[in-house]
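In: Give me the fold of what follows.
(chains A, B, C and D, ligands or ions: 2)
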2 protein chains.
Amino acid sequence: MKLSTKGRYGLRAMIDLAIHSKENQVSIKSISERQEISENYLERIIALLKKAGYVKSTRGAQGGYMLTKKPDQISVGNILRALEGDLNPVDCSLINDEKVCSESGLCVTKFVWKRISDSINDVVDNISLQDLVNEQVEIDKSQASR
Amino acid sequence: MKLSTKGRYGLRAMIDLAIHSKENQVSIKSISERQEISENYLERIIALLKKAGYVKSTRGAQGGYMLTKKPDQISVGNILRALEGDLNPVDCSLINDEKVCSESGLCVTKFVWKRISDSINDVVDNISLQDLVNEQVEIDKSQASR
DNA sequence: ACATATCCAACTTATTTGGTCGGATATGAA
DNA sequence: TTCATATCCGACCAAATAAGTTGGATATGT
Ligand code: FES
Ligand code: FES
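Out: Ligands and ions are numbered 1, 2, ... in the order given. Got it, this is the predicted structure:
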């Protein structure tokens, strides 16, 4: 029941992008330095976010990445699902309508899984990237004044 | 972000025990047959539940397992945490006060992890084993009358 | 031309998951 | 007492997944 490093690193990368890509392109290298994540690995993570449509890129010198939308239009749920796949605690027909569970009619644990799933998705879909950026700005402010 | 088979099998085993261990001891073998879980593996899972204090055993012929408490005194959260460890999406100081996260003062993702964690635990702590037994009885009833 | 970047597939290594196996021990019943 | 039925328990194992690396191809501003 743990998120992988993809989800954790990827969320930090998106916060970093939201803060730094307002006008300029942001390179993998600079994110990697600020966030202390391996350049190579970060590249693969951002590729997933690009494929999911939350990030766009420009190649070549002075190139880099930017968000495709405003941070308040991207939820933490969007980001985590792009990186981790669905956030359901089990693969169950009731939740993701694949035909995984046989005899789902007799199954009672599915009610538990469904409620967990709903609650997780509810939380992450109601936190936007902008919310986290705001928190970060607050933290940085109080750090600066020490 | 998935539960392992331990959690899934274990919860089913506990429901089975709640239904069948009202007066008699219930053997691994019989649970394994009803739930279609390997005897050997189930044994290891139930050992965890025993260690956590939700199940007691009697050795030898006619032996087996019983619950230590009434099903309404055991929550799904109790069971899942005994089998899976904590249900937090990350190992973070804010949540489980191990000193895992360095610079937690600067970290903003922890707010996300905390809210996910709280919501999961809230759900599972508010479903009792008895609730699931009741659902199961309903399902069995409607199956019988077909 | 060249330094700076992204792009991308293949590879590697470490860890976790999902078991199995073999025996030791306990106990009710014949 | 013997035997079948159980739990107990540590060691072992294979497959899958996570986590990260490597090497090169391609694009582009200066
Ligand atoms: S877990 Fe999907 S129906 Fe039981
Ligand atoms: S994840 Fe624990 S402080 Fe950031």
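
In: In CSV, could you pull the C-alpha coordinates for stretch A:61-72?
Out: C-alpha atoms of stretch A:61-72 as CSV (Å, rounded to 0.1, in the frame of the first residue of the first chain):
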residue,chain,number,x,y,z
ALA,A,61,19.6,24.4,-26.5
GLN,A,62,17.6,26.6,-24.2
GLY,A,63,14.9,24.0,-24.3
GLY,A,64,13.2,22.3,-21.5
TYR,A,65,9.7,21.7,-20.1
MET,A,66,6.7,23.8,-19.2
LEU,A,67,3.2,22.9,-17.8
THR,A,68,0.5,22.8,-20.4
LYS,A,69,-2.2,24.2,-18.0
LYS,A,70,-2.3,26.5,-15.1
PRO,A,71,-1.5,24.8,-11.8
ASP,A,72,-5.0,25.3,-10.6
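
In: Quick one: residues in contact with that stretch.
Out: Outside stretch A:61-72, the residues that touch it by CB atoms under 8 Å, 6 or more residues apart in numbering or on different chains are A:14, A:17-18, A:21, A:24-28, A:30, A:46, A:50, A:53-58, A:74, A:128-130, A:133. In this view, the C-beta of every residue, glycine as well, is placed from N, C-alpha and C.

In: Filter the residues you listed down to just the buried residues.
Out: Buried subset of these (neighbour count, 16 or more other CB atoms under 10 Å in any protein chain shown): A:14, A:17-18, A:21, A:26, A:28, A:46, A:54-55, A:74, A:128-129, A:133.

In: And the furthest pair within those residues?
Out: Pairwise distances across the buried ones among the contacts of stretch A:61-72 (CB to CB) peak at 23.9 Å, for the pair A:Ile28 and A:Ser128.

In: Which of the three states applies to the residue of chain A positioned farthest from its centre?
Out: Going by CA atoms, centre = their mean, the residue of chain A most distant from its centre is A:Leu106, 35.3 Å out. At A:Leu106 the chain is in coil, as set by DSSP: H, G, I helix; E, B strand; the rest coil.

In: Strands of chain A, residue ranges please.
Out: For chain A, the strands defined by DSSP state E cover A:55-58, A:64-67.

In: For A:Ala13, give me its contacts.
Out: A:Ala13 neighbours (CB under 8 Å, 6+ apart): A:31, A:35, A:37, A:42, A:45-46, A:49.

In: Of the residues you listed, grab the buried ones for PyMOL.
Out: Selecting the buried subset of these in PyMOL, with 16+ other CB under 10 Å as the burial test, is done by:
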select buried, chain A and resi 31+37+42+45+46+49
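
In: Kindly reformat the contacts of A:Ala13 as TSV containing pLDDT.
Out: Putting these into TSV (pLDDT from 0 to 100) gives the following:
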residue	pLDDT
A:Ile31	98
A:Gln35	96
A:Ile37	97
A:Leu42	98
A:Ile45	98
A:Ile46	98
A:Leu49	98
